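Peer 1: Pasted the sequence and its predicted model underneath.
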Amino acid sequence: MAHSNECLNESFQTLVEKSFIFEDVGNSHSLTVTVSEVLDPQYGMYVWPCAVVLAQYVWSARGQLQHKTVLELGAGVSLPGVVASKCGAGRVILSDSAERPLCQRNCSRSCDLNGITDITVLPITWGRASPELLWLPPVDIVLGSDVFYEPEDFEDVLVTFSFILKKNPHAQFWTTYQERSSDWSIEGLLQKWNLKSINIPLETFEANTDCLAGSTLPGNHTVQMMIITNNCL
């Protein structure tokens, strides 16, 4: 998620480390991930409920990540991307807006906390054809938690994914969003950019709980999970 205000001076940030524990049913396997969080929810470096739900999906679908290239958009705290890396993704790229260097720095902090040295952090602004976006390798899976937050960003997010599809038409966009308004809809934009989506019920990946991954999230928030793909396939 990347709706932050870069006027925040980094020297005045209140940084904390927050850990999440992902487990299989029966606790046969588990993964603990620690991320760096800024204690101010108006910034893009705060752990929102959507990030935990998406990370849970990544954990549950980790078998699909092997040898795959994964890109997280609007990474901020980078929880889903870090989980993807720890679950064996072939390559993980974290990104946040070019206008938010503090968020990019926080991505690196989360990597450091988990002993990850092979993740790339890039400045990618949704809807903008930057060199970093143009030079991306073919991406198999795009992650985005709460990137559909501001309606004015909806099309920019989908434009960025549509560009990624040009190099890999089979790419998937795994994304979570929080229901905030009955007017929320991207259906028209999906048709415009020749995309389709399917909803993934939270109970199918053990995310229908108020204490997900050992945290108090998502609590009473209504979070949805969907996968967006090329409508031509």
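Peer 2: Everything's here; your move.
Peer 1: next structured bit after the helix or strand encompassing Pro80?
Peer 2: Counting by DSSP states H and E, the element that carries Pro80 is helix 79-86. As assigned by DSSP H and E, the chain's next helix or strand after helix 79-86 is strand 91-96.
Peer 1: Show me the contact partners of the helix holding Pro80.
Peer 2: 20, 22, 31, 33, 35, 47, 51-52, 54-55, 58-59, 62, 65, 70, 72, 75, 92-94, 107, 110-111, 114, 116, 118-119, 141, 143, 145, 174 (CB atoms under 8 Å, 6 or more residues apart in numbering). No exception for glycine: its C-beta is placed from N, CA and C like everyone else's.
Peer 1: Likewise for stretch 209-221?
Peer 2: 18-22, 47-50, 52-53, 55-56, 178, 207.
Peer 1: Show the end-to-end separation of it, please.
Peer 2: End-to-end distance for stretch 209-221: 11 Å, by CA to CA, to the nearest Å.
Peer 1: Please apply the same query to stretch 130-147.
Peer 2: Using CA to CA, one end of stretch 130-147 lies 19 Å from the other.
Peer 1: repeat for stretch 123-143
Peer 2: 15 Å.
Peer 1: Name the residues of it that come out as buried.
Peer 2: Buried residues in stretch 123-143, counted by 16 or more other CB atoms under 10 Å: 123-126, 132-133, 136, 139-143.
Peer 1: Between the residues you listed, which sits nearest Ser182?
Peer 2: Trp126 (24.2 Å; CB to CB).
Peer 1: show me the contacts for that closest one.
Peer 2: 73-74, 97, 147, 153, 156-157, 159-160.
Peer 1: Please identify the helix or strand for the residue nearest in space to the middle of the chain.
Peer 2: What sits nearest the mean C-alpha location of the chain, by CA atoms, centre = their mean, is Gly144, with 3.2 Å. Taking DSSP H and E as the definition, Gly144 sits inside strand 141-145.
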